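# All I have is the shape, not the residue letters:
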Ligand SMILES: [Zn+2]
């Protein structure tokens with residue numbers, strides 16, 4: 001291969017890669033802007049749930065906090081699990097003790113005013129309907145997604161933005177939601 005031909009090949013391959021790179025950056029910026037526009041047009045809320053696995057198929061909502069886009073309309077619930085702790089299968093009792101010491105630090109039953117786990121989804125549904133929320137953000141855990149699917153409400157995992165958001169080291173729904181809320185609002189600006 002002659003030097004001229006080799007130089008031509010090098011020139012064209014560099015040109016192609018520059019064009020491709022700028023196309024990719026442009027696509028990324030466009031899609032991020034489109035995504036932000038889409039989310040900003042929504043009347044969103046941010047939700048976090050701590051649950052207790054009571055059987056293989058049932059996760060009891062133990063504590064829930066949801067904050068609407070306006071930053072002050074909210075709902076906090078503490079719920080009584082469907083079964084007393086001693087009635088759970090041994091492995092779920094163990095799982096609860098592990099989660100309690102390592103994750104949520106919550107007693108099995110709430111101390112103050114509370115409602116049965118079975119009523120939590122309905123209360124959440126009322127909150128969503130009364131405030132005309134059309135998108136629910138949540139972080140990670142699939143219980144939030146499952147609940148939203150059950151209520152036929154769009155949901156979006158903010159872990160998709162985690163490159164932009166700083167991780168919050170708390171498992172208290174109130175703290176977690178408030179910390180991510182501020183970051184989310186700034187990110188969507
Ligand atoms: Zn339950």
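In hand now; what should we look at? Bear in mind that the values here come from a model prediction, so they are computed numbers and not experimental data.
# which outside residues touch whichever strand or helix holds residue 91?
According to DSSP states H and E, residue 91 maps onto helix 90-99. The contact list for helix 90-99, computed with C-beta atoms under 8 Å, 6 or more residues apart in numbering, reads 52-55, 85-86, 88, 108. (Each C-beta comes from the backbone N, C-alpha and C, glycine too.)
# Can you tell me the SS state at residue 63?
Per DSSP: H, G, I helix; E, B strand; the rest coil, the secondary structure class of residue 63 is strand.
# what's the closest non-adjacent residue to it?
Leaving aside its sequence neighbours, residue 63 sits nearest to residue 50 (C-beta to C-beta, 6 or more residues apart in numbering; 4.4 Å).
# circling back to that earlier point, can you tell me which of the contacts of helix 90-99 are buried?
52-54, 88, 108 (16 or more other C-beta atoms under 10 Å).
# Around the ion, which positions in the chain sit nearby?
Contact residues (C-beta under 5 Å from the ion) of the chain with the ion: 60, 82, 117.
# Quick check: phi and psi on the second one?
Spelled out, it's residue 82. With angles defined as degrees, to the nearest 10, residue 82 sits at phi -60, psi -30.
# same deal with the one 4 residues further on?
Geometry field for residue 86 lists phi and psi as phi -70, psi -20, criterion degrees, to the nearest 10.
# Residue 138 too?
According to degrees, to the nearest 10, residue 138 has phi -150, psi 170.
# State the distance from it to residue 49.
As for residue 138, its distance to residue 49 is 8 Å (criterion: C-beta to C-beta, to the nearest Å).
# now swap in residue 163 and tell me
To residue 49, residue 163 is 24 Å away according to C-beta to C-beta.
# And the two? Which one has more around it.
Set residue 163 next to residue 49 and count neighbours by other C-beta atoms under 10 Å: residue 49 wins out with 22 against 6.
# Wasn't that one part of a strand?
Yes. Assessed by three-state DSSP, residue 49 belongs to a strand.
# For it, give the beta-bridge partners.
Residue 49 forms beta bridges with residue 64, as assigned by DSSP bridges.
# list the contacts for it?
So residue 49 contacts 61, 63-64, 138, 141, 143-144, 147, 173 (C-beta under 8 Å, 6+ apart).
# between those, which has the most around it?
residue 64 (27 neighbours).
# For the protein, which segments count as strands?
44-53, 59-68, 74-80, 115-116, 135-138, 155-157 (DSSP state E).
# What are the buried residues along the last one?
Along strand 155-157, the positions that meet the burial threshold by neighbour count (16+ other C-beta under 10 Å) are 155-156.
# Which residues does that strand contact?
With C-beta under 8 Å, 6+ apart as the test, strand 155-157 has contacts from 39, 135-140, 144-145, 148-149.
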